[in-house]
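Engineer: Pasting a predicted model and its sequence here:
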Amino acid sequence: MEEYTEIDSARLKSRTARELYNEIFYVEEARKISNADARVDGPRLILQSWQERASRQANYIPNIGDLLDFYSSRGLVGEERVAILQTLGSIRKLCFGIEGASGSGKSFTADLLMELLPKEYVYRIELSSNTAEVYNAEEINRAKIIYVPELQKALNSKNPIMVEVLKNLTEGRDVLRRVRDQEKKRNITLHIEADKGIIYTLALENDLKKDVELSRRVFQLTTDSSEEQNYRVIDNIVEEEYNHSDKGRDFTELKQHIRRCVLLPEIEYVNPFSRALMDVIPLTVKARSFVKHYLNLIQGSALFHHKERVHETGNIFVNLEDFFLVHSLYNRMFSKSLDGGAKEAGAGGEEEGAEASKGKEITDWRGVWNIGSMTMLEFYPDVLERWQKSNIKDGKITAYDATIGEEKILGEV
């Protein structure tokens, strides 16, 4: 990856997350300085600006409240669950779709995510010829995320190659395709690397049937089309006519943080609470594939909060807050996705099918904490004390509850 050519890859695992992120920042800024105007004061002023920004970024501790403030300032209301989960999924470079009824805000919500992500690392796929995207392999390989607005257009029946590309990438396999170079009169092999997240939007009214294998490898976030949500959206549109108080807020530090999350090389995550999912998820065949999505989103939360998480020997340790955040936002969507997918579950409705009703909500968070503590004691005793301290504030185990917008006490120590 070209962003790390100046960084010895053998040293990456020995760095703390903060050191690594700052080092990436220094490499990027050093390039800007080397290309700067050669006047006497030019590079010096740039260096000073760089140092000031690096200091601000190093001291910036992001939180979910900042993320919600960004989406709210851009006019999003009532879709906080999707907003947070799509952000966690994208920085973890996962494969997922935003599905819902036409006009329910799928594209609007996804476009706000695109505003947060580093534009130069997002490749957008829409209508194209059979081989157009394959010939763009070099450009795609520079991307970290592929965005497919309106999946039904990219996967139309006249473009079977795009189906193959998306199926391979979502499975984590590279795409190799032999094509004819007409100019050089010879066959060449084009190679698309699989280290990417894929994000798509899909209207439920169209008759597209996703390939079975593709459906298994992606998870769905569904937008809300309920009457209550319609009221929230219309009320917000009316209010915007006279209230523009949040429009001018600067979210540069948040965007820089998201950028560094996306650029971070693959790291290992330790989730000592993972077994707690056994008491929550429906024990269906489909859950065998989908439970990995659940766990990956929890990893995404740990990545977003990396500055407050414990790091040891190349691992980042999940806090109870990460498990709580994803469970509170995603558990119902997860259960509905097992019950025949987003179309059958409905976008925004509150009804639960037979399979979905088997899913449970966690209420004994102290019990989950005990599971995590015992796991850490057994497998990572040297890290246990530091990890426990990172979870505890003033003798209490707390987590930010995005559903109510405030800290919640999960238990006392």
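Structural biologist: In hand now; what should we look at?
Engineer: where in this structure is pLDDT low?
Structural biologist: The chain contains residues with pLDDT under 70 at 1-57, 127-135, 155-161, 179-188, 207-212, 244-248, 340-359.
Engineer: ranges for the strands of it?
Structural biologist: 95-100, 122-124, 145-148, 175-181, 186-192, 197-203, 219-222, 268-270, 311-312, 315-317, 392-393, 396-401, 406-412 (DSSP state E).
Engineer: between those, which one is nearest to Asp339?
Structural biologist: Among those, the nearest to Asp339 by CB to CB is strand 219-222 (11.7 Å). (C-beta placed from N, C-alpha, C; glycine too.)
Engineer: strands paired with that closest one, and their directions?
Structural biologist: Applying DSSP bridges, strand 219-222 is found paired with strand 95-100 (parallel).
Engineer: which other residues reach the partner strand?
Structural biologist: The contact list for strand 95-100 (CB atoms under 8 Å, 6 or more residues apart in numbering) reads 82, 86, 89, 106, 109-110, 151, 169-170, 197-204, 217-225, 293, 342-343, 347-348.
Engineer: Quick check, Val310 in contact with Leu384.
Structural biologist: No - the pair Val310 / Leu384 is not scored as a contact, 9.8 Å apart, by CB atoms under 8 Å.
Engineer: Looking only at neighbour counts, state which of those two leads.
Structural biologist: Val310 (23 against 18; other CB atoms under 10 Å).
Engineer: Next one: that one relative to Arg92, how far apart?
Structural biologist: Counting by CB to CB, to the nearest Å, the gap from Val310 to Arg92 is 18 Å.
Engineer: Of all the strands of the chain, which one comes closest to Arg366?
Structural biologist: strand 406-412 (3.7 Å).
Engineer: Could you give the separation of that closest one from the chain centroid?
Structural biologist: From the chain centre to the centre of strand 406-412 is a distance of 25 Å (CA atoms, centre = their mean, to the nearest Å).
Engineer: repeat for stretch 82-96
Structural biologist: That offset, for stretch 82-96, works out to 2 Å (CA atoms, centre = their mean).
Engineer: what's the answer for stretch 69-86, then?
Structural biologist: 14 Å.
Engineer: first to last residue in that stretch, what's the distance?
Structural biologist: End-to-end distance for stretch 69-86, by CA to CA, to the nearest Å: 15 Å.
Engineer: how about that stretch: buried residues?
Structural biologist: Neighbour-count burial for stretch 69-86, counted by 16 or more other CB atoms under 10 Å, picks out 70-71, 73-74, 76-86.
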